[in-house]
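What would the 3D arrangement of this be:
(chains A and B)
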There are 2 protein chains.
Amino acid sequence: MNRIITIGREFGSGGREFGRRLSETLGIAYYDQEIISEIAKRTEMSEQYVRSIVEHKPQISFPIHVGRSFYPTAMPVFDQSMTVYQEQSRIITEMAQKSDCVIVGRCADYILKEYEPFRVFIYADLESRMKRCREKAPEEEKMTDKELKQHILGIDRKRAKYYEFYTGHKWGDRLNFDLCINTSRTKIKEIVPVMSKLF
Amino acid sequence: MNRIITIGREFGSGGREFGRRLSETLGIAYYDQEIISEIAKRTEMSEQYVRSIVEHKPQISFPIHVGRSFYPTAMPVFDQSMTVYQEQSRIITEMAQKSDCVIVGRCADYILKEYEPFRVFIYADLESRMKRCREKAPEEEKMTDKELKQHILGIDRKRAKYYEFYTGHKWGDRLNFDLCINTSRTKIKEIVPVMSKLF
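Residues are numbered from 1 along each chain as shown, chains lettered A, B, ... in the order given. Model prediction:
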């Protein structure tokens, strides 16, 4: 069975950086945005629309333009969300079957549970997440501290709703992970070489 | 500043084994029951009585025999609990100042916060904690599954109350730890050599 490492993460905690560095250290595949692109390709929806679906609780999305075509308005939005989720599950399973890999987000820990992935959760205190966001995304510098805080917590709330909707489990519950790493006081590039020896 | 590693743990998750193995691998001091013995020595209370205090929320203890002497009944139990906690804080701080060390339990992560310890939390699902308890403590084999489950959860509840009473923080909250390790599917003796490279 392939080595599968799934990364759940709080927004701004460096989960993506951890996953990318880990895949580079181990010399294995890394999947993150690639999943969205692949869903878009297979469903003929636009990447932007797929992203809007997976970043929200299904019912609240409303499709306007979908890839090259317009979906009939009679088609419930819920069905589209389910289509995207099912396609996502298929793609993630194919990735896991293909080779060793690191998969960031997308309920991969749940979707691949029969493959017994090593499930990592990356988190940090709000202060260091705000700092990381400001460093990584200069365009967000215009936000006040209060706005940035609301932005971060809002994204986490959406992720939690999405995860809970499809898995029935509480997002971020430590029992759903093998290892939870707090990056508030830790340099990711220093811990990855150590952690990579676990796999 | 000395390398200080504190270990919080759910009952039956192997936190003590993790701490002991880690200290052996790193070749540094290990403190666990030693703290209780030292408190007993300094306060002239019996080890058993000190243990009964630190394993319960302060107010509910009632002292009968205390070391070699009887405390005057007018002395509030609460005062004794505070005495034990203060002595414990002093001893843990002395230990941290003396040399590199691993300290299990005893609110050490909070008491030593100014020393910036590396704070580990060990946890596991209930099934594997029950299995570990049965393996480690044959005398508990007489308990039914239901009784053992209640025993494990009861000890965790007491630890949570004790921790929250003295620190004001929620016991087991991941933000109070740098690393949380789920031992349900992991062999402690295999991960300790890897984790020891973090320090």
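
so what pLDDT did the closest residue to chain B within chain A get?
Distances from chain A to chain B, computed as CB to the nearest CB, single out A:C180 as the nearest residue at 3.9 Å. C-beta: built from backbone N, CA, C; applies to glycine. As summarised for this prediction, A:C180 has a pLDDT of 97.

any idea how far it is from B:A40?
Applying CB to CB, to the nearest Å, one obtains 35 Å for the distance of A:C180 from B:A40.

just A:Q33 next, same as before
According to CB to CB, A:Q33 stands 59 Å off from B:A40.

re earlier: which residues touch the strand or helix carrying the residue of chain A closest to chain B?
The secondary structure element spanning A:C180 is strand A:179-182 (assigned by DSSP states H and E). With CB atoms under 8 Å, 6 or more residues apart in numbering or on different chains as the contact definition, strand A:179-182 has outside contacts at A:18, A:118-125, A:174, A:191, A:195, A:198, B:174-175, B:177-182.

Try it again at 7 Å.
Outside strand A:179-182, the residues within contact range by CB atoms under 7 Å, 6 or more residues apart in numbering or on different chains are A:120-124, A:174, B:174, B:177-182.

you'd agree A:S37 is up against A:Q48?
No - A:S37 lies out of contact with A:Q48 (CB atoms under 7 Å); the separation is 11.3 Å.

hmm, back to that, report the two members of the contacts of strand A:179-182 separated by the largest distance.
Of all pairs drawn from the contacts of strand A:179-182, the greatest distance, 18.9 Å, lies between A:A124 and B:N182 (CB to CB).

B:I155 versus the residue most central in space within chain A, what's the distance?
Taking CA atoms, centre = their mean as the criterion, A:G105 is the residue nearest the geometric centre of chain A, at 2.3 Å. Shown here: A:G105 relative to B:I155, a distance of 36 Å by CB to CB.

What of A:Y115?
When distances are taken as CB to CB, A:Y115 and B:I155 turn out to be 34 Å apart.

low-scoring stretches of chain A, by residue?
Applying pLDDT under 70 to the predicted model, the residue ranges of chain A that meet it are A:56-78, A:139-141.

mind listing the strands in it by residue range?
Using DSSP state E, the strands assigned to chain A run over residues A:4-9, A:29-31, A:101-104, A:118-123, A:179-182.

Make JSON lines from the ones you listed and add distance to B:S13 and mean neighbour count to it.
Shown next, in JSON lines, are the strands of chain A (distance: least, CB to CB, whole Å; neighbours: other CB atoms under 10 Å in any protein chain shown):
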{"stretch": "strand A:4-9", "distance to B:S13": "21", "mean neighbour count": "26"}
{"stretch": "strand A:29-31", "distance to B:S13": "31", "mean neighbour count": "19"}
{"stretch": "strand A:101-104", "distance to B:S13": "26", "mean neighbour count": "26"}
{"stretch": "strand A:118-123", "distance to B:S13": "17", "mean neighbour count": "23"}
{"stretch": "strand A:179-182", "distance to B:S13": "14", "mean neighbour count": "23"}
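
I'd like the ones you listed as JSON lines, with distance to B:K170 appended.
As requested, the strands of chain A are arranged in JSON lines below (distance: least, CB to CB, whole Å):
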{"stretch": "strand A:4-9", "distance to B:K170": "21"}
{"stretch": "strand A:29-31", "distance to B:K170": "34"}
{"stretch": "strand A:101-104", "distance to B:K170": "28"}
{"stretch": "strand A:118-123", "distance to B:K170": "15"}
{"stretch": "strand A:179-182", "distance to B:K170": "15"}
